[in-house]
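Q: with the input below, show me the fold.
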Amino acid sequence: MPNHLIHIGFPKTGSTFLQEWFSLHPQMHYSPNGLAGFYNTYEISRLAADQKGRDIKYFVTSGEELSIPSLVSGTTINSGEQNLADLISKEQAQKNVCEILSSLYPDGKILIITRGFKEIITSGYSEYIRHGGTLSIKDFTKVGFTEDGGGLNYSLLIDIYEKAFGKQNVIVLPYELLRDDQAQFLSIIEDRLNMLPAKISIGKVHESLSALEIYWYPRISSIISRSLSPFGKRVYNAGFRKYGKWLLYNNNKLKKTAKLLDRVKPGRTFNSEDISPELLKYYRRNNDAGKCAAHLRDNPLYVQYFSEYLLD
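A: Down below sits the predicted model:
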């Protein structure tokens, strides 16, 4: 009888790649934004009538929003609008998600992917400006990483799921291993889930923004934002949303513009050193206090990545 795999993907930890892999693996059944591999009851009916359904070993639920729940999950927020304040703490929201999932799939397997702090912040900022975000990296971290470090308390989330599903049913892997050795990363998942290896070729799902683009994107978006402001809130919101969607669905569309601006004002690029030193000190300090990434010290797969998790 098939089991359930629940992928709790922290943002920017290869979730899109993994979801593509889930959808292609012959022993997995996955539907984007669905539950247990199904988007609706019709899909259950179709699979039941398909001979291929007999080969399924895991029904897969996958979502980045499961790791850091929010009232605005799944909605489009204009960069000029302030996010709605969540009514409860991120920690309580994470516990609530786990409680719901454990009630639905009490015997499920959990897959948690983490990423080093500097990289996940940089990649998160890159995704933010892909949507038309105008804040600098300094202001971005002030808004999104206050008090609890933006919900990136890996130890807390791992502990929540190990208590609910059992330590033996929780698989924790570093994104860095996927980055460095895709085959080994996927092989570990297959071994832990007792699945047959599948030869699946997946290239890069998203092309990363260059340091040059990361520098210029928010500045270009700020110009667009200012140019729309005189026309009133209604026109501004409609216009900026349209711009944000155009930017998102036309991958790296501003690359040529960024290169042109670099000729006018050369040498201006994003530097990871722009990330708040105080924020990184927060993670390092809380590692020593048994929080954030401290839980990963005992996982041999993380040894070579200690510096990226500020565990060195």
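
Q: from the chain's centre, how far out does the helix or strand bottoming out on mean pLDDT in the chain sit?
A: Using mean pLDDT, DSSP states H and E, helix 137-144 stands out as the lowest-scoring helix or strand of the chain, at a mean of 81. Computed by Cα atoms, centre = their mean, to the nearest Å, the separation of helix 137-144 from the middle of its chain amounts to 17 Å.

Q: dump it to CSV, restricted to CA.
A: C-alpha atoms of helix 137-144 as CSV (Å, rounded to 0.1, in the frame of the first residue of the first chain):
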residue,chain,number,x,y,z
ILE,A,137,19.0,44.0,0.8
LYS,A,138,19.4,45.9,4.0
ASP,A,139,15.8,47.0,4.2
PHE,A,140,14.6,43.6,3.0
THR,A,141,16.3,41.7,5.9
LYS,A,142,14.9,44.3,8.3
VAL,A,143,11.3,43.6,7.1
GLY,A,144,11.5,39.8,6.7
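
Q: helices and strands around it, which ones?
A: Judged by 3 or more Cβ pairs under 8 Å, 6 or more residues apart in numbering; DSSP states H and E, helix 137-144 is in contact with helix 117-130. C-beta: built from backbone N, CA, C; applies to glycine.

Q: tell me the angle of the helix it packs on relative to helix 137-144?
A: 90 degrees (axes from the mean of the first three to the mean of the last three Cα atoms, to 10 degrees).

Q: for helix 117-130, packing partners?
A: In terms of contacts (3+ Cβ pairs under 8 Å, 6+ apart), helix 117-130 is packed against helix 137-144, helix 175-180, helix 211-228, helix 277-288.

Q: picking that back up, quick one, the least confident helix or strand of the chain and helix 277-288 angle?
A: 50 degrees.

Q: which helix or strand lies directly C-terminal to helix 137-144?
A: On the C-terminal side of helix 137-144, the closest following helix or strand by DSSP states H and E is helix 154-165.

Q: could you chop the protein up by domain?
A: Domain ranges of the chain: 3-207+277-309, 211-264, per automatic domain parsing.

Q: now these as TSV including mean neighbour count and distance to N271?
A: Shown next, in TSV, are the domains of the chain (neighbours: other Cβ atoms under 10 Å; distance: least, Cβ to Cβ, whole Å):
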stretch	mean neighbour count	distance to N271
domain 3-207+277-309	17	9
domain 211-264	15	7
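
Q: mind putting those domains in a markdown table, distance to F270 included?
A: Below are the domains of the chain laid out as a markdown table (distance: least, Cβ to Cβ, whole Å):
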| stretch | distance to F270 |
| --- | --- |
| domain 3-207+277-309 | 7 |
| domain 211-264 | 4 |
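
Q: any chance you could map the strands in this protein?
A: Remark: strands assigned in the chain by DSSP state E are 3-9, 28-30, 58-63, 109-114, 170-174.

Q: now the last one, how far from the centre of its chain.
A: By that I understand strand 170-174. 15 Å.

Q: tell me the mean pLDDT for that strand?
A: Across strand 170-174, pLDDT averages out at 97.

Q: likewise the third one?
A: The predicted model assigns strand 58-63 a mean pLDDT of 94.

Q: relative to helix 211-228, how tilted is the least confident helix or strand of the chain?
A: Using the same axes, to 10 degrees, the direction of helix 137-144 lies 70 degrees away from that of helix 211-228.

Q: which residues outside helix 137-144 are in contact with it?
A: If you take Cβ atoms under 8 Å, 6 or more residues apart in numbering as the criterion, helix 137-144 is touched by 83, 121-122, 124-125, 128, 133, 135, 150, 270, 274-276, 279.
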